[in-house]
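> Model the structure of this input:
(one chain, ligands or ions: 1)
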Amino acid sequence: MYSIFFDKIKFIFFQNIAKVLLTVPHLSNALNIHKSEIDFIKTNGYLRKKSFLCSKVLNEIDLELSKAISKVLKNNKNEIEAKPGNLRVKRLQYFSPILRKFSRNTTFNFLSFSFYGLFKKPNILFTYTTDGKHSSELIDGGCSDQFAFEPHVDSFRNYLKILLLLEDVEVENGPTYIVPSSMNDPILLSNYKDVIINKSNTIVDEKKSEILVNKYGKVPLTGKAGDIIIINTKNLHWAGDFISGERKILWLYY
Ligand SMILES: [Fe+2]
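Presented below is the predicted three-dimensional model:
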């Protein structure tokens, strides 16, 4: 209980400091983030930023990913999780200096400060999901269940994740869904206690999830290639149904 309370206070404190910093002339432009956006994340637990990555950067990431993934496939198979139509490659920061450079991105560093009061370095992950109808050297088969498809919370603490959309993400190709503001609902307290005890993310049962969705609604975190999505995964969230298409996302876990 103490940890949950302390983390809430710390989060409010650093988000307010971040907002004050953004009143410094030109800083907001330099950091590419605005006070209202910090407020939006604090209240809703997510934010979309459109066209954050230009096509040149997207191409650079694509090329670099192919190299980094083949390196991982050859030497570090324990960094890979796979099932039909789903691939997840972890800790890519150790395999690619180009991908590692996202650790130095000023917007991301500022967001990390606003969450934790620290400039944390992220774990970098890549996920590829497909219906199996697209030819791919990465993975066999088509996706029926995505990783993390059950409604869950990742932590009792505020947990910053940034999704870099490498392809368009629509309702058809399984976006992450979030229940905005759900982290402030007392109904999740017992789940946060479970997270503390089990030291892992915790599935939230169907009845509770339904209550929260009815109360706050649910938002599919869709977007176009080049958009980024900032999410606090202390809120209830899950990977949506994958109907068709394919999807590539680079994830920064702070
Ligand atoms: Fe999650």
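
> make it CA atoms for all contacts and neighbour counts henceforth
Noted.

> what sits against the closest residue to A18 other than its chain neighbours?
Spatially, and ignoring its direct neighbours in sequence, A18 is nearest to S114 (5.4 Å; CA to CA, 6 or more residues apart in numbering). With contact set as CA atoms under 8 Å, 6 or more residues apart in numbering, S114 has these partners: F11, F14, Q15, I17, A18.

> out of the residues you listed, who's nearest I196?
F11 (17.7 Å; CA to CA).

> Quick check: which element contains F147?
Counting by DSSP states H and E, no helix or strand carries F147.

> mind checking how far it is from E81?
Computed as CA to CA, to the nearest Å, the F147 to E81 distance reads 9 Å.

> which one of the contacts of S114 is nearest H26?
Of the contacts of S114, the one sitting nearest to H26 (CA to CA) turns out to be A18, at 14.1 Å.

> can you give me the helices in the stretch 101-250 of the chain?
106-116, 189-198, 206-216 (DSSP state H, counting those that start in this stretch).

> Now tabulate those in CSV and tack on distance to T233 and mean pLDDT.
Shown next, in CSV, are the helices of the stretch 101-250 of the chain (distance: least, CA to CA, whole Å; pLDDT from 0 to 100):
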stretch, distance to T233, mean pLDDT
helix 106-116, 12, 97
helix 189-198, 12, 91
helix 206-216, 15, 98
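
> The one residue sitting closest to the centre of the chain: what's it in contact with?
Nearest residue to the geometric centre of the chain (CA atoms, centre = their mean): K161, 3.5 Å. The neighbours of K161, taking CA under 8 Å, 6+ apart as the test, are I230, I231, N232, T233, W251, L252, Y253, Y254.

> before we move on, what about F14?
With contacts defined as CA under 8 Å, 6+ apart, F14 is in contact with F113, S114, F115, Y116, G117.
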